[in-house]
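> have a look at this prediction, sequence included:
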Amino acid sequence: MIVLHETAPGKLNLTLDVLGQRPDGYHDLEMVMVSVSLCDSLTLELGTGEPWSVTCDRSEIPDGPENLCWKAARAYCDAAGVDPDGLRIRVKKHIPAQAGMAGGSSDAAAVLRALNRHYGRFSDEELRALGLRVGSDVPYCLFGGVALARGRGELLTRLPDLPKELYFVLIKPEFSASTPALFRALDTAGVTARPDTAAMLSAIQQQDRNAIGANLQNAFEPLVAAQYPQVKALRQILLAHGAIGARLTGTGSVIFGLFCSKLRAFSAALELEELCPQVHLAEALPAPPCVHPL
Ligand code: C5P
């Protein structure tokens, strides 16, 4: 039996813009994404000789064929024409679920990475194309680091790493919002909080931490904040503790604050823990090395 271990980092949206609806039912997006140090851990056992199984240590996440890890493994084995003769995947979750942090997509990306490390069938680009069949965020999760994502999320441009000494405080409130429902609501309401993506790109190029904080923006935030007043209240607490910016990530419900001081981030996290059971500290991760170039 072969045992593979893989880490799956969560992501945050520094910006998220919805440019319009597409004929295929998806939306064209423009997002600046960053991978963070809050990660799930996966173990894959190949050659168990048993029927496939996917299990997760959180009851709210589906086991078995409904789990994105299963779908990713199925897609990989079919596309590569390989049969591991039994596969067991175990996921240890740290990334909050239904959070806008691509937890499920990152787990699926980790499965693709692990299987490709073992079987070596695909280039990085081919693996991202395979990942897109599993979910819109999977190509970015394979790409990692700081990136501009366009199209459904699969047209990726590498950006410089964030400046040193930036810390994220992440809060997962009790509520979760439905991603398809929010896209439909945005189609009706229109985008009222459009990020200045060019200003964010320039802030990253200049390594200007305050400009990065000032340009955090998410087209979904007004819709989510109108429904859940905690969004505004939690942002205000983060800003009152010295965050240089605070926003919703993805379609939520995680709200994050960006801090230049680890001490301030820590004290904000301590106070917020009194209000919310799920509070995490994280840092940006650098881009992973290119494993299988074309
Ligand atoms: O690709 P994925 O299954 O993760 O997308 C989940 C849902 O999010 C889609 O069914 C769609 O409603 C919405 N979505 C979208 N446009 C995107 C990505 C996601 O409309 N670019």
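Happy to help now that I have it.
> next, count neighbours for the closest residue to M200 other than its chain neighbours.
Leaving aside its sequence neighbours, M200 sits nearest to N215 (C-beta to C-beta, 6 or more residues apart in numbering; 4.4 Å). Every C-beta, even on glycine, is put in place using the N, C-alpha and C of the backbone. N215: 23 surrounding residues under other C-beta atoms under 10 Å.
> cool, I2 as well?
As a burial measure, I2 scores 10 neighbours (other C-beta under 10 Å).
> the residue nearest to it when sequence neighbours are not counted and the ligand: what is the separation?
Closest residue to I2 apart from its sequence neighbours, by C-beta to C-beta, 6+ apart: L46 at 4.4 Å. Separation of L46 from the ligand (C-beta to the nearest ligand atom, to the nearest Å): 26 Å.
> L46 pairs with what?
I2, L87 (DSSP bridges).
> now do the same contact list for it.
Contacts for L46 (C-beta atoms under 8 Å, 6 or more residues apart in numbering) come out as 1-4, 84-87, 118.
> can you tell me which of the residues you listed is nearest R184?
Of all the contacts of L46, L87 has the smallest distance to R184: 36.0 Å, by C-beta to C-beta.
> wait, the closest one touches A73, no?
Yes - in terms of C-beta atoms under 8 Å, L87 counts as a neighbour of A73; the distance is 6.0 Å.
> hey, what's in contact with both of those two?
Counting by C-beta under 8 Å, 6+ apart, the shared contacts of L87 and A73 are 44, 52.
> need the residues of the stretch 101-250 of the chain near the ligand, please.
With C-beta under 6 Å from any ligand atom as the criterion, the stretch 101-250 of the chain meets the ligand at residues 135-137, 152-153, 179-180, 183.
> who wins for neighbours among these?
D137 (28 neighbours).
> next up, the contacts around the closest residue to that residue other than its chain neighbours.
Once flanking residues are discounted, D137 sits nearest to S105: 3.8 Å by C-beta to C-beta, 6+ apart. S105 makes contact with 68, 134-138, 140-141, according to C-beta under 8 Å, 6+ apart.
> cool, thanks, signing off.
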